[in-house]
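**Q** Please work out how this folds:
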Amino acid sequence: MNNPNLGRMLRYYRKANSFSVQQVVNKMKNEYEISLSPKTIYGWENGQNQPSADNLLVLCKMYKINNILDSLGYEGSPEQAPLILSPEEREIIIKYRSRKYFNSAIRKLLDIEE
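**A** Alright, predicted model coming up:
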């Protein structure tokens, strides 16, 4: 697989999951028995080389990537960035949904047309 979006996608998901490169290296070694150097991760993210299929599957599991093809732009809109919610964002959405009375005010505040 040679996809120019792969490195960008891997960096995006690593950061979205709040992992440092060293944390990824440690997690891969401790949980998956895969020894890598930080330089290898940086090489993948900068597009200098690409992970093996096995390493890519492990990264997808670690980064919670459910649809790799969609993330790489093969399905759906390539301009549409993957949406990963932080715990705080998830809580905001849950509270928004539970307080129907305030939804129109919140939509107006955020300049979202109804």
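**Q** contacts, neighbours, all on C-alpha from now
**A** Noted.
**Q** in what helix or strand does the spatially most central residue of the chain lie?
**A** Nearest to the mean C-alpha position of the chain, counting by C-alpha atoms, centre = their mean, stands Tyr13 at 2.6 Å. Element membership for Tyr13 (DSSP states H and E) is helix 5-16.
**Q** List the buried residues in that helix.
**A** Across helix 5-16, burial judged by 16 or more other C-alpha atoms under 10 Å covers Leu6, Gly7, Arg8, Met9, Leu10, Arg11, Tyr12, Tyr13, Arg14.
**Q** Checking Ser35 next. Helix, strand or coil?
**A** Ser35 falls in the coil class when you classify it by DSSP: H, G, I helix; E, B strand; the rest coil.
**Q** Over to it: give its phi and psi.
**A** The phi/psi pair for Ser35 (degrees, to the nearest 10) reads phi -90, psi 120.
**Q** Wait, it touches Val25, no?
**A** Yes - counting by C-alpha atoms under 8 Å, Ser35 does reach Val25; the two are 7.3 Å apart.
**Q** neighbour count winner among those two?
**A** Val25 (19 against 11; other C-alpha atoms under 10 Å).
**Q** what residues does the strand or helix carrying that one touch?
**A** According to DSSP H and E, Val25 maps onto helix 21-32. By C-alpha atoms under 8 Å, 6 or more residues apart in numbering, the residues outside helix 21-32 that reach it are Arg14, Ile34, Ser35, Leu36, Ser37, Pro38, Ile41, Tyr42, Val58.
**Q** ok so, going back, if I look at the residue nearest to the centre of the chain, what pLDDT would I see?
**A** The model reports Tyr13 with a pLDDT of 91.
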